[in-house]
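> Kindly return the folded structure for what I paste below:
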Amino acid sequence: MRIMIVTDQYPPMVGGVPTVTHGLATDFANRGHQVWVVAPSYGARDVRRMEQKVRVYRFSSFEWPTYKDLRIPFLPFVPVRNLIKRSDPDIIHIHSPIVLGNIAQLLAGGLRKPVITTNHYLPINMSRSLSSDPFLGKHFSNITYSYLINFCNRCEYVTAPTMTALNLLYEHGLRAPAAAISNGIDLQKYLPGAPEPDILRQFGLPVDKPLILHVNRLSEEKRVDVLLNAVPKLKTDAHVALVSSGPAEAELRAQVEELQIGDRVSFLGFVRDADLLALRRTSSLFVIPSEADLQSLATMEAMACGLPVIAANSYALPELVHHEVNGFLFTPGNSDELAAQIDTLLSNADLRTKMGQQSLQIIAAHDRVKVLDTWEDLYRRLSIEFKEQKMLRQQLRTARKYPGYKAEEVKNVKRPHIRRTGDLGLDQTTSPGRKRRPK
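The predicted structure is shown next:
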């Protein structure tokens, strides 16, 4: 197939959406498909190159003033139109409904190309201060969802990585055919292994204390401050490793100084995959206090390595973390509760082992191979249906123009049926027997 992926976030940018889009592009290319990626450049010039069998087209852009690292292209309507005509994709998959996604959607209509969009966003991702404002928050959320739903309803098909994320779209007026399709996890890459004490020495981490791992962008809505507030309340002498960077890093470092926990917290910044895998295998547990995740690749990777997880009971995290099964859910923002749960796990090795095994069972439903099969099936069926509809319209026009044409035969053409939520072969609901922490 000929697949075009359109995204405003792509490596070298770090984060969930760049990881997902890059993974899809390279995985499909490795499966023999022709793949084009449309993304912003990191400067004033357009760039075109082959990257890991993927044709990547980057268009000149500037940095978003309120979101570090996010790039905004200079409205490349003509170049994108020429690229779509030249590449002639069977499907256009949009992952960002902002600039390039809007351009691709508008052009796809005129060029008769089917469009799928995947929503990765919450209003709080764009501005936590506006989203949490008691006066402006509701209006900001309504405006954001109004724009997002209008965009989604103009697409042939809509997906979200979890049922939580999809239900949010339905609640705000989604009418387009839709399904929840997990971002997936490479279970051949992320898997349990023996602890590696050398990795602790490499990063200057203590070898005689249990390690609490957190991997996520250091931004305000990820609530890393809650984890830091829990550290002085721990009864267990543990160490916290924060992996990644982000706009809130300076503020979080200042918080560490204020709490006088510099000897118990390490900022590791960017860590390459091989070292991060070793860190996961050497950690005692994974903590994610985020209040803005519609799935969580970092949590999925930790689970695939057999770690128990403590997560905020917020948005889609309870779909991965089942309370008292593979970890604990705590009230968002409650550092006292988080500290108590950390102590419970660190003081009970058998419980950690049992919950880690449950993590492996839960994450098996998100196997990357299965997810890619689902995408391929959806792409093919949507492309076929779109072509059949186009042929049907042409034949009906011919029938109206030439009365002798057998229009009734045209009307009886069988069209493929694109299935809706829950019918795509993935386990899209959480375990029926899981215990969910009450809100």
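
> any idea how far Asp8 is from Leu148?
14 Å (CB to CB, to the nearest Å). (Glycine included, C-beta is placed from N, CA and C.)

> who's more crowded, these two?
Asp8 (26 against 21; other CB atoms under 10 Å).

> On the three-state scheme, the more buried one is what?
Judged by DSSP: H, G, I helix; E, B strand; the rest coil, the three-state class of Asp8 is coil.

> can you list the domains in the chain?
Domain assignment for the chain, taken from automatic domain parsing, gives 2-180, 197-366.

> Out of the ones you listed, the one nearest Lys189 is which?
domain 197-366 (7.6 Å; CB to CB).

> what distance separates the start and the end of the closest one?
29 Å (CA to CA, to the nearest Å).

> Could you do stretch 235-247 as well?
End to end - CA to CA - stretch 235-247 spans 31 Å.

> Now do the buried residues in it.
Judged by neighbour count using 16 or more other CB atoms under 10 Å, the buried positions of stretch 235-247 are 238-246.

> Those residues in helices, which ones?
Using DSSP state H, the subset of these located in helices is empty.

> Now do the helices in the stretch 1-150 of the chain.
Remark: helices assigned in the stretch 1-150 of the chain by DSSP state H, counting those that start in this stretch are 16-30, 77-87, 100-110, 123-126, 128-132, 137-152.

> List the contacts of Thr344.
Applying CB atoms under 8 Å, 6 or more residues apart in numbering to Thr344 gives the contacts 328, 351.

> Could you report the distance from it to Asp273?
31 Å.

> what do you get for Val14?
Taken as CB to CB, the span from Val14 to Asp273 is 12 Å.

> Regarding this structure, what is its longest helix?
From DSSP H, the single longest helix across the chain is helix 368-401.

> What helices and strands are in contact with that helix?
Under the contact definition 3 or more CB pairs under 8 Å, 6 or more residues apart in numbering; DSSP states H and E, helix 368-401 sits against helix 16-30, strand 91-94, strand 115-118, helix 407-411.

> can you give me the mean pLDDT across the third one?
Looking at strand 115-118 alone, the average pLDDT works out to 97.

> What strands flank it, and is each parallel or antiparallel?
strand 91-94 (parallel), strand 157-160 (parallel) (DSSP bridges).

> Now do it: everything it contacts.
Against strand 115-118 from outside (CB under 8 Å, 6+ apart): 91-95, 97, 101, 104-105, 108, 151-152, 154-161, 181, 378-379, 382.

> just how off-centre is that strand within its chain?
14 Å (CA atoms, centre = their mean, to the nearest Å).

> ok, and for that strand, which residues are buried?
So for strand 115-118, counting by 16+ other CB under 10 Å, buried means 115-118.

> for the residues you listed, which one is nearest Glu251?
Thr118 (31.0 Å).

> That closest one pairs with what?
Thr159.

> On the three-state scheme, the spatially closest residue to Leu234 that is not a sequence neighbour is what?
Spatial nearest neighbour of Leu234, excluding adjacent residues (CB to CB, 6 or more residues apart in numbering): Ala339 at 5.3 Å. Using three-state DSSP, the structure places Ala339 in helix.

> Lovely, talk soon.
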